[in-house]
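J.: Pasting the sequence and the predicted coordinates here, then a few questions.
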Amino acid sequence: MRDSRTRSKSRWAAVPLLVFVVIVFGVPMLVLLGGTFTKEGTLSTANLTESLQGAYLTALLGSVKISALVAVLGGVLGTFLAQAVVTSRSRTLREAVLTASGVLANFGGVPLAFAWIATLGNAGVVTTTLGLGGHGWSLYNFWGLTLVYLYFSIPLQVLTVVPALDGLRPQWREAAQNNGASTWQFWRYVGIPVLTPALLGGVVLLFGGAFSAYATAQAMVGSTVPLVTLKIADALTGNVLIGHENVALALSLDMIVVAGLVMAVYLPLQRRSARWLR
Amino acid sequence: MASLTPQVTTQVTPGTVPGAAPAPAPSRPGRPRRPRVWRGVVLALAAVYFLVPLIASFVFTVKVPNQGFSLDAYGQIFSAEGFGGSLLLSLGLGVATIVLVLLLTLPAAVAVRLGAPRLRPVLEVVCTLPLVVPPITFVAGISTVLRWGPDYLASTPFYQTMIAVQNPDFPVVLVLAYVVLALPFAYRSLDAGLGAIDVRTLSEAARNLGASWPHVLLRVIIPNMRSAMASASFLTLALVLGEFTIARLLSFQTFPNWIYRISGSQAQVSVAVSVFSLLITWLLLLALSSAGARQRSGS
């Protein structure tokens, strides 16, 4: 009796949070959905069609392209770095790299862009010291942006993968070696399959991070690289034809769908890796 | 376990010449050499990639043409127009967000642990959504609500609310948006903190001794959760101090927006602020991790 009363009472403690999310998060999302499918007061899919054409489509594909590249490169490089840290016996090195990763993974936005502009921009320290300007170097393009995005993506991958690498038990390696497996065979048949969920989960996170990044791109390249976040911001700040304001909402919906599809891969994977790496 | 590993390998391959067998189970003397080279290369490359921008940014801020070394750029930060106001605004927003996010998540996380496990999947989904939905699409929704709201609500009391939340001196709408963005991080760290203590036994013991529920929460659970709450607060503060997308698109002059604005006229100062803000984040995180380590070793 008493227990069930406590139970029903304790449920109320979660109500404020849920109500808050429904109002502050749910209402804007509903309005977004509604706005996408209305044009000049009537129900229509014109906004959605427009958002999947011409410059808007180029921007969406540009965002997907750079995010995929950053996710794969960051995933691979981050895993190598994590493995180097995990296999090293130095505790100091491990602590230092993990703390640094924690800071750098959160080092996004405007300051990140300025740090790189000061380094490799047209008047950057490295650019002028090495005379890169004369060789046609420019930071303000697709590859420059990739280089900058990796700066917070690699540390994020390190943070995601280190626990998984720690979970690879030495016994598994010993067992494989006892059975005559080579290092390559160990990784091919034991290591990689066990790590796959964690690795892919990290890659998905990196994709999401690069896909939704706006501040860095805005501060660094302005609009020279077509990205969907920049297009949405443009449209929201009124830089769009009269009557086409809702294209920003349609583009946002496109983005949510892409991000949602990619994230949908991540959740079941995480559950699977949790089973092995307890 | 580490000491066992080489022994086993030597037993399995007693006859192999060190270094001669390329991949299959190198014996003990050959083993540490190859990975060390590989590891050294990886670590060196990483060090170059991650340290050069930091060093170069610093050099950029202290190098003045025809003058050499000067720390002027850092001095100018504090006298630059708008610095104090925007920093104070961001800090104020950060504190308000931390208070609100803890007030909302802590009771919910405790409830899920104690009496309503069926709510867990609901909360997990709710706290994952902000990660799936990019901030720019969230702000697209918010700005549409703020634009349409006044038209539809003009005759209701909600109208005044809509105006009040957009007060540029303290934009409550940003606090609300930041709470949503901070939810995933706050919920995860609080839930992990609750998992580390035996909430059920603690709260039942307190209840048997006659404590009321608010008393249990304030005097029993919260004191045991200090480090989890500190990490939730830190993550939230870092998020608010660095958030640019929402503040810029709703045109509020927060700290990151100020950095962006002055970059046009004072490039050196804006880079100096960037270096400065990274240093502060670093110090906060170090303080936090050392506090966490102290608590772990204490218990």
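T.: Cool, got the structure. Residues are numbered from 1 along each chain as shown, chains lettered A, B, ... in the order given.
J.: which is the next helix or strand following the strand or helix carrying B:L104?
T.: In the assignment (DSSP states H and E), B:L104 maps to helix B:83-114. Later in the chain than helix B:83-114, the nearest helix or strand by DSSP H and E is helix B:120-132.
J.: Pull the contacting residues for residue 237.
T.: Just so you know, I chose chain A. By Cβ atoms under 8 Å, 6 or more residues apart in numbering or on different chains, the contact list for A:T237 reads B:L249. From N, CA and C alone the C-beta is placed, and that goes for glycine too.
J.: Not quite, go with chain B.
T.: B:94, B:98, B:284 are the contacts of B:L237 under Cβ under 8 Å, 6+ apart.
J.: Break down the stretch 151-278 of chain A into its helices, ranges please.
T.: A:170-178, A:183-186, A:192-212, A:215-220, A:228-236, A:247-276 (DSSP state H, counting those that start in this stretch).
J.: Report all helices and strands that the longest one contacts.
T.: Other elements packing on helix A:247-276 under the criterion 3 or more Cβ pairs under 8 Å, 6 or more residues apart in numbering or on different chains; DSSP states H and E are helix A:27-36, helix A:46-51, helix A:54-87, helix A:192-212, helix A:228-236, helix B:120-132, helix B:135-153.
J.: for those, which one ends up most surrounded?
T.: Highest mean neighbour count of the helices and strands packed on helix A:247-276: helix A:228-236, a mean of 24 (counted as mean count of other Cβ atoms under 10 Å in any protein chain shown).
J.: can you put the helices and strands packed on helix A:247-276 in TSV and add distance to B:S263?
T.: Shown next, in TSV, are these (distance: least, Cβ to Cβ, whole Å):
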stretch	distance to B:S263
helix A:27-36	30
helix A:46-51	31
helix A:54-87	23
helix A:192-212	22
helix A:228-236	17
helix B:120-132	28
helix B:135-153	20
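J.: Just give me the residue closest to the centre of chain B.
T.: Closest residue to the average C-alpha location of chain B: B:L235 at 2.9 Å, with Cα atoms, centre = their mean.
J.: Sorry, wrong one. I was asking about chain A.
T.: Centroid-nearest residue in chain A, with Cα atoms, centre = their mean: A:G209, separated by 2.1 Å.
J.: you'd agree it is up against A:S153?
T.: Yes - shown here, A:G209 and A:S153 form a contact pair, counting by Cβ atoms under 8 Å, at 6.3 Å.
J.: and the chain, what are its domains?
T.: As the question left the chain open, I've gone with chain A. As given by automatic domain parsing, the domain ranges for chain A are A:1-36, A:48-276.
J.: wrong one, chain B
T.: B:4-70, B:77-298.
J.: Poorly predicted segments of chain B, please.
T.: Within chain B, the stretches with pLDDT under 70 are B:1-35, B:65-67, B:150, B:153-156, B:288-299.
J.: and if we set it to 50?
T.: B:1-32, B:298-299 (pLDDT under 50).
J.: thinking again about what came up before, of all the helices and strands packed on helix A:247-276, which one is nearest A:V262?
T.: helix A:192-212 (5.4 Å; Cβ to Cβ).
J.: residues contacting the residue nearest to the centre of chain A?
T.: A:108, A:149, A:152-153, A:156.
J.: measure it to B:A232 for me?
T.: 20 Å (Cβ to Cβ, to the nearest Å).
J.: just B:T161 next, same as before
T.: Applying Cβ to Cβ, one obtains 28 Å for the distance of B:T161 from B:A232.
J.: neighbour-wise, which of the two wins?
T.: Each of B:T161 and B:A232 has its neighbours counted (other Cβ atoms under 10 Å in any protein chain shown); B:A232 has more, 27 against 13.
J.: which ones are touching that one?
T.: B:98, B:101-102, B:105, B:185-186, B:189-190.
J.: Apply 10 Å and report the result again.
T.: Residues in contact with B:A232 (Cβ atoms under 10 Å, 6 or more residues apart in numbering or on different chains) are B:98, B:101-102, B:105-106, B:109, B:182, B:185-193, B:225.
J.: ok, and of these, which contact chain A?
T.: B:101, B:105-106, B:109, B:187 (Cβ under 10 Å from any Cβ of the partner chain).
J.: Pick out the most distant pair among those residues.
T.: B:V101 and B:A109 (11.4 Å).
J.: Could you tell me which residues touch both of the two?
T.: A:17, B:186-187, B:190, B:232.
J.: Restricted to helices, list these.
T.: A:17, B:186-187, B:190, B:232 (DSSP state H).
J.: Just put those residues in TSV and tack on distance to A:I117.
T.: Shown next, in TSV, are those (distance: Cβ to Cβ, whole Å):
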residue	distance to A:I117
A:L17	40
B:A186	33
B:Y187	36
B:L190	38
B:A232	33
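J.: between these, which is closest to A:Q218?
T.: B:A186 (26.9 Å).
J.: This completes my enquiry, with thanks.
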